[in-house]
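# Here is a sequence with its predicted model. Questions after.
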Amino acid sequence: MKKTIIYSLFSILLLSACVDNPNVTENTYLNTPHAVSSWVNGLKRQMAKTSNTVNVNVAITSDNYFNNYSQYSKVFDILQLNYFDPDVNALQADVQALREMAIFGIEKVHPSDQAATEQDLAFMYLCLGYANILGGELFTGLPETTLGNVITPKENLENALEALDYAIDYETDTELIAAYHLLKARTHYHLGNQEKAITEATKALNSPSLLYQIQFDGTSQLANEMQNATYDALPNRLAPLPRLDFLDPKYYSVGTPTTDQKPVTLVKAEEAYLILAEAALAQNNILTAKENLTALLNLVEQRPVAMVDDSGETRNGGNRTDYPLTAVKVKFDNASTFKSNLVLNRQEGNIEVKTISGTHVKITDIENLTSTDDLLYYVYLLRQEIFISEGRRLTDLGIKYPISQVEQDNNPNVADEYTIAQIPAFVADKALDDFSTDENGNISISVDMNKIIVENKTDNTIVPFF
Amino acid sequence: MKKTLGLHLLFAILLTTTQLLYANKKSVLAEQKELKNLIEELQYQFNEIEFIYNPNSFEGLLVNNYEIKASESLQINLHNLEKVAPISYKVNGKTVALRREDKTQSAQQYTITGTVVDEQQIPIPGVTILIKDTSLGTTTNMDGNFSIKVASFPVTLQISYIGYQSIIKTIESSATPLHFTMKTSTESLNEIVITGQGADVRKKRLPTKVTTIKSEDLEKIAAQRIDQQLAAQLPNAQINFTGGQAGATSIIRARGVNSAFLNSTPIIYLDGVRLDNLNTQAALGGTSQGAAMSAIADIPMDNIEKIEYINGGAATTLYGSDAANGVIQIFTKKGGEKGTHLTVSGETGVETPTADFLHFDKTKDLLLRNGAYQKYNLNLNGSSDKDFGYNFSTSFMNSSGVQIHDQNKNMKVDFSTGFKAKIAENFDYESSFLYVHNQYKRNRNGNQGGYTGLWFAEDGASKITGPGFNNRLDELTPEEFNEIKAFVDNAERLQDNQIIVNRFTTSQSFKYKPIENLFLKFTGGIDYRAQEQNVIETNEYLSATKGQEITDQGSIQNIQRNYLGLTLELTAQHTYETEDFSFISTVGGQFFRNKDHQILYSGTNIRDGALTISGAAVKDSDEYLSEVLNYGIYAQENIGYDDKLFLDLGIRGDRNPSFGSNIGTQFYPKAGLSYMMSSESWFTSNLISSLRFRGSYGIAGNLPPAYVHEKTIAFDGYLGNQAAMFGQIGNDNLKPEKTQTFEGGIDIALANNRVNFSVGYYKSLTKDALFYVTSAPSIGYNSASQIQNVGEIENYGLEISTQVTPIQTEDLSLSFNASFNTLHNEVINSNGAPAFSINGFSSRTLQTVVQEGHPIGFIRGNHGTFDENGVLEESTPQSYLGSTIPKVFGNLGTNFTYKNFNLFASASYQTGAYGANWDAQFRYLYGAAEGNIPAGEIEANERKNWLKFTNRFIEKTDFLKIRTIGATYTIKPKNKSIFKYMVLGLTAVNPLNFVSSSFDPEATISGAAQGQGGASTGGISYATYSAPRQFLFSFKVNF
């Protein structure tokens, strides 16, 4: 009896002495086949995640959107861009996760996988390039590598060019090559390299309706957050600047949102025309600028439009009183005249949703313009409207986020100067999202930031070609 | 043998302590022995002599105070025996003739008989009955009966038993049987404890304090869960409840917060088996703002014989790598008195919401109502003979809760059995089986997004929810109120959030005594806890609360958490005594393995009315798995000198797969001294009954989570394909954090134990404290936190407890107990690691934070100053706004007895901590109240600066909460044929609160923002329900 007890005790002990490890270690991963395909997918996923973080935060920080939701930043709207802010940290974490994943893919995963292709490598370089573009566009500086030296926006952009060259070399698909050229054009534009920007933009236009988009996957917890913020979540979390109301939402769903996640555009041909137009204006070539803008508006006209039921839209405040939900007129600033059809009544049936590009600007608006500044104003208005909800407006305003406190605490290379946000003085003193509503519900926006941009075009934080 | 074992399993009885007490008797008094046995012993000693006698004539005769002396001759031994026994002898060469010689006029001619029982009228076996100032005496048998012979009257009897107050009574005659009722003494240093020792040791031998709570004290407190029962009972620990909903988490802490990464909840054992003690949100499906559920809420609490509690530090060294927070051990009943005994008890009464802390009076009318509470218990116990004992208990508890639409109803069913059997003379078996079924509703709390009752009503969010309402609830017109009431009623009615827990716990132990001084004990058991959480959000609910028709967003979320813990422990204890020294050597090995498996499966776009996800348009799932394996061996030596000076030494070594690859076995040593000065021969004091000094040093640890030391790749899906990404950063040097504690204290008992006073001081330092170090964004891990051994945390404080019994007569007694604990907590070093949050929101708003130079979980937020016009002048972000850990805390209690009437009360208090009134800050934002903000600011900036002066919403959280006031009356009928006794009682639970804050200082969101099992100090008041009041009538009948 006692023996039986003792034997059974020992067998219990032996049986229970092993535990399951649910993890896949890095070594296991690199030593199992077909690592690259899952890594490339991981990069695509990260690219979507990065674009979410960038889109929502840039929308709030810029004049495009005002945040009514308690779990998004409540301070970016008032341009408090502190280095200790968790969203400031999250932004650079997502940008650098893309960069580090790309580097790991190029250096470790790709060489370890027999089945890896050159196209896989091209995509990894695209991610590296894109991460560096975002680094250069959005931050006062970023470490070049893991806990590395801090490099300036210019150096980040130059690194992006190098990566994009590799991507072009390894890629065979002409459409993708065109997209990479357009990314190069965007980079040269930021660097102020007029001629190179023109060259790359022209190459990109070999594919006249070029479109490269980032896909989302709601069933894998990767919903398009801008879609959620402007359409799916009720009440909508973000409220557009009244003059951009007609462009909201850019993304929408039919049926269960989880299964209908719209893509976000990373590269589109419209940008090439905008770069070419601005370059032409910098060269005082009004005619070419107008030609490019006309071509642009024709392209925008061809982009798809969906009819969507947006009757659920009830921006309900947060800590500001929002504008009416009916169709009212809007003035861009106090010096302008009221315009109709920009604020929509969403209860009167389906509204038009411009899923790729939309603008209220007509060819007739620019036909008769003669001055560089008037046209430049339209270039920036068009940039704002066409790129809305794509995470681009902040760079047009010359705003850059600081390096985060978490980085500085961990990384001795971060000098204090990088921990202060870049906010141009002509932006800092403006209330970007403010407006007033008169007794008829008509709206006067307090400032037209596109006018401010043109007025300060020679400032080296904005309008790179001037 | 197998048959016997089976029988033993079925019918078992024998109180654990009996044998020990019998053994103990030897050293206390000369034994009563049977004359027949003594003669046999003489024959054995002098085996060359032939004894002639009639054994029948000596049958049943007892002899006191006689020892055979082998060194003396047979003649002398027989001569001595003749003096004390009814015997005469004749020696003839090698033959001895013995004859019965009745000496009717000898010294022992009267027989006194009687019974000794405890306060519950349960007989106590093994009680020592001494004729005062002699060594003559006897002990009670299994039925509590005794019989003693005395020479003359009056005679003074001294009745004593470990753990009870001694009785001295002068007897005039032997005419009627005597009846003694013994009362428990709370601080008895002779009491035997096991927790932290591996095997049985008396308290006085230990250099650390062990708190014992007996079932009688636990039964007084009407509680739905074990931590509620203990809240006012542990003198040196603090138990606060972070919410009043069923299943809410609690914050249990003693000796400060020695970890910034691990929750301060002690580990909990039941009969030597580790229990699931998760007291924070789970990995899946919980939030730190609300909806966190505690595994402590359904720990079996029927059938408890006693609870032992030891503070972390030297006392818990033998528990090794995860015992730095202390240990609570529950012992269940395994038998009863001889025969079969049935006890039926019940509690019933009303529950009323605690509305003291609501900002708007109308909130109560909107969300709360009175409820009913009932609990019934049936207990069957007994023994067939001295080798078998059993105890069976079942109870049913049902509380309708105080929220409208039964949104907090709670139902619990317990079954438990305990057995004890003697398999062989030196082989004992004990077992306990416990099953708990708990089912409760849990409506939305904290801010779970959208409509949440308290957030809607109390935080002003009614302004922005649904159609939007006037959020100054107390200013509503009757029409407005009816409108908002209808909205809330509908919203509450449509919520469907249910938790079901099934828990099975068993402990099996074998005790084997191969030789006199060696004692082996094997304990094995499991705790299996299955928790199912279902959250159903219908389109109807969403439409009703969002104020617009929603047709395709109905969802069901199910989360299952299954916990399986296995504990195996083998202990060997050897005792050895020489003239002056006694040695208790203990060696043992403990092994435990916990598996925590969580599965989340959810469906969206479900038709209203569906209760499973099978019909969902979109289905989703997630999984979490954690397995912890720990094995350790320990050795302990307790050396006593002259029963007054005790040296205690011990060490435990642990291995665990959660340690980094560079980390081997971890060792935890301890050493301590206990000195009973009052046992010195020169110590003669009429005032001081006992005086003891103690001091110790020891190390205990906290384990890192399983496998976080590995560098991993994580995966998710992306458009139907596998997507790989960086997982954990990895740390090859990850090891347990270790808390070393120095402590010293004095335990003193005055005036015949009427005043007990214990004062201690401890200082502990947690080295290699595990901190969540947020990784730099540049390393690409998405700012994942990595656990690193980088911190140092200091705690020190005084622990004072006292019990005073100013009145104690045969009929009347009055006692008070109080404890006073001070606490200093500070993160003294973080090695440059950035601050991290353990509760709250974002780093730009309000958080409780771990940061060098401050206490763990201090409140950090924006500090605003105002100019002379009351307009915000400056706001400093991330300012220190106060500590959430109290500087002083303790318990108070009183007990008054007059004959069969008993009145008692208990309370807890704290002072020196702060809390953030986040509710008030939201009320300010939404214009529902002005709070403490100057009118000038509101005029100049409206409400837009609401986050910039969080300092204006910080309040002191001092409190004195009366936990229980109760009275009982015991009826003992003369004719016991119907029932033996009946106890009737009235109890008020949570009757009175005296607090310095406008919110409930306890009901602060549960925290543990770093995830499952994370550190938590509470400190933020945010839409959390307070525990309701209960007024209960109870009865208990023993048949």
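The structure has been received and is ready for your questions.

# burial measure for the residue of chain A found nearest chain B, as a count.
Closest to chain B within chain A is A:Glu100: 2.4 Å, counting by CB to the nearest CB. Using the backbone N, CA and C atoms, a C-beta is placed for each residue, glycine as well. A:Glu100 has 22 neighbouring residues, counting by other CB atoms under 10 Å in any protein chain shown.

# do B:Gly717 as well
What B:Gly717 shows, counting by other CB under 10 Å, is a neighbour count of 15.

# Where does it fall, secondary structure wise?
strand B:712-718 (DSSP states H and E).

# center of the chain, which residue is that?
All of this is about chain A. A:Gly391 (2.6 Å; CA atoms, centre = their mean).

# that's the wrong chain, I wanted chain B
B:Ile328 (4.7 Å).

# In contact with that one, which residues?
Contacts for B:Ile328 (CB atoms under 8 Å, 6 or more residues apart in numbering or on different chains) come out as B:Leu230, B:Pro266, B:Ile267, B:Ile268, B:Tyr269, B:Ile307, B:Glu308, B:Tyr309.

# Phi and psi next, for the second one.
Its backbone dihedrals place B:Pro266 at phi -60, psi 160, with angles given as degrees, to the nearest 10.

# returning to that earlier point: show me which positions of the strand holding B:Gly717 end up buried.
B:Thr712, B:Ile713, B:Ala714, B:Phe715, B:Asp716, B:Tyr718 (16 or more other CB atoms under 10 Å in any protein chain shown).

# the helices in the stretch 251-400 of chain B, which residues?
B:361-367 (DSSP state H, counting those that start in this stretch).

# for chain B, that is, sorry about that
For chain B, applying DSSP state H gives helices covering B:2-10, B:17-28, B:35-45, B:74-84, B:215-219, B:226-230, B:361-367, B:453-458, B:478-493, B:539-546, B:918-925, B:935-941.

# what angle do the longest one and helix B:539-546 make?
Which is helix B:478-493. 140 degrees (axes from the mean of the first three to the mean of the last three CA atoms, to 10 degrees).

# list the buried ones in helix B:478-493?
B:Phe481, B:Ile484, B:Lys485, B:Phe487, B:Val488, B:Asn490, B:Ala491, B:Glu492.

# helices or strands up against that helix?
If contacts are counted by 3 or more CB pairs under 8 Å, 6 or more residues apart in numbering or on different chains; DSSP states H and E, helix B:478-493 sits against helix B:361-367, helix B:453-458, helix B:539-546.

# dump the residue contacts of the closest residue to B:Arg860 other than its chain neighbours.
For B:Arg860, ignoring the flanking residues on the chain, the nearest one in space by CB to CB, 6 or more residues apart in numbering or on different chains is B:Val849 at 4.4 Å. B:Val849 makes contact with B:Ala835, B:Phe836, B:Ser837, B:Ile838, B:Gly840, B:Gly857, B:Phe858, B:Ile859, B:Arg860, according to CB under 8 Å, 6+ apart.

# same thing with B:Ile307?
B:Thr212, B:Ile213, B:Leu218, B:Leu230, B:Ile328, B:Gln329, B:Ile330, B:Phe331.

# Lowest-confidence member of the residues you listed, which is it?
Looking at the contacts of B:Ile307 by pLDDT, the weakest one is B:Leu218, with 85.

# rewinding a little: beta partners for the residue nearest to the centre of chain B?
Counting by DSSP bridges, B:Ile328 is bridged to B:Ile268, B:Tyr309.

# ok, it to B:Ile252 distance?
B:Ile328 sits 9 Å away from B:Ile252 when distances are taken as CB to CB, to the nearest Å.

# which neighbours do those two share?
Common neighbours of B:Ile328 and B:Ile252 (CB under 8 Å, 6+ apart) are B:Pro266.

# Name the residues of the stretch 151-300 of chain A found near chain B, please.
Neighbours of chain B within the stretch 151-300 of chain A, by CB under 8 Å from any CB of the partner chain: A:215, A:217-222, A:234-235, A:255-256, A:258-259.

# State whether B:Phe979 and B:Asn1038 are indeed in contact, as I suppose.
Yes - counting by CB atoms under 8 Å, B:Asn1038 is a contact partner of B:Phe979 at 6.4 Å.

# Provide a list of residues in contact with the residue nearest to B:Tyr675 when sequence neighbours are not counted.
Distances taken as CB to CB, 6+ apart place B:Phe693 nearest to B:Tyr675, at 4.7 Å, with adjacent residues excluded. By CB under 8 Å, 6+ apart, the contact set of B:Phe693 is B:Leu673, B:Ser674, B:Tyr675, B:Met677, B:Gly744, B:Gly745, B:Ile746.

# Now a ChimeraX select for only the buried ones of the residues you listed.
Buried subset of the contacts of B:Phe693, written as a ChimeraX selection, criterion 16+ other CB under 10 Å:
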select /B:674,675,677,744,745,746
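
# Tell me where the longest helix sits in chain A.
helix A:35-61.

# returning to that earlier point: who's more crowded, B:Phe979 and B:Asn1038?
B:Asn1038 (20 against 16).

# so the more buried one makes contact with B:Leu342?
Yes - contact criterion CB under 8 Å: B:Asn1038 and B:Leu342 qualify, at 7.4 Å.

# how far does stretch A:197-214 sit from the chain's center?
Its chain's C-alpha centre and that of stretch A:197-214 lie 18 Å apart, by CA atoms, centre = their mean, to the nearest Å.

# how many other residues sit next to A:Val353?
21.

# hey, what's it bridged with?
A:Ala306.

# Spit out the contact partners of it.
So A:Val353 contacts A:Pro249, A:Lys250, A:Tyr252, A:Val305, A:Ala306, A:Met307, A:Val308, A:Asp310 (CB under 8 Å, 6+ apart).

# nearest spatial neighbour of the residue in the stretch 801-950 of chain B positioned nearest to chain A, skipping sequence neighbours?
The nearest approach of the stretch 801-950 of chain B to chain A comes at B:Pro834, 4.1 Å away (CB to the nearest CB). Excluding the flanking residues, the one nearest B:Pro834 by CB to CB, 6+ apart is A:Asp409, at 4.1 Å.

# again with A:Leu205
In space, A:Leu205 is closest to A:Ala272, 5.0 Å off (CB to CB, 6+ apart).

# Over to B:Ser400?
Of all residues not flanking B:Ser400 in the chain, B:Gly371 sits nearest, at 3.9 Å (CB to CB, 6+ apart).

# Quick check: bridge partners of the one you found?
Here B:Gly371 shows beta-bridge partners B:Glu351, assigned using DSSP bridges.

# re the thing from before, part of a helix, is the residue of chain A closest to chain B?
Yes - A:Glu100 sits within a helix when classified using DSSP: H, G, I helix; E, B strand; the rest coil.

# Report pLDDT for it.
97.

# wouldn't it be in contact with B:Ala776 here?
No - assessed by CB under 8 Å, A:Glu100 is found out of contact with B:Ala776, at 10.7 Å.

# Which members of the contacts of B:Phe693 are the farthest-apart pair?
B:Met677 and B:Gly744 (14.2 Å; CB to CB).

# how many neighbours does B:Thr176 have?
B:Thr176: 9 neighbours (other CB under 10 Å).
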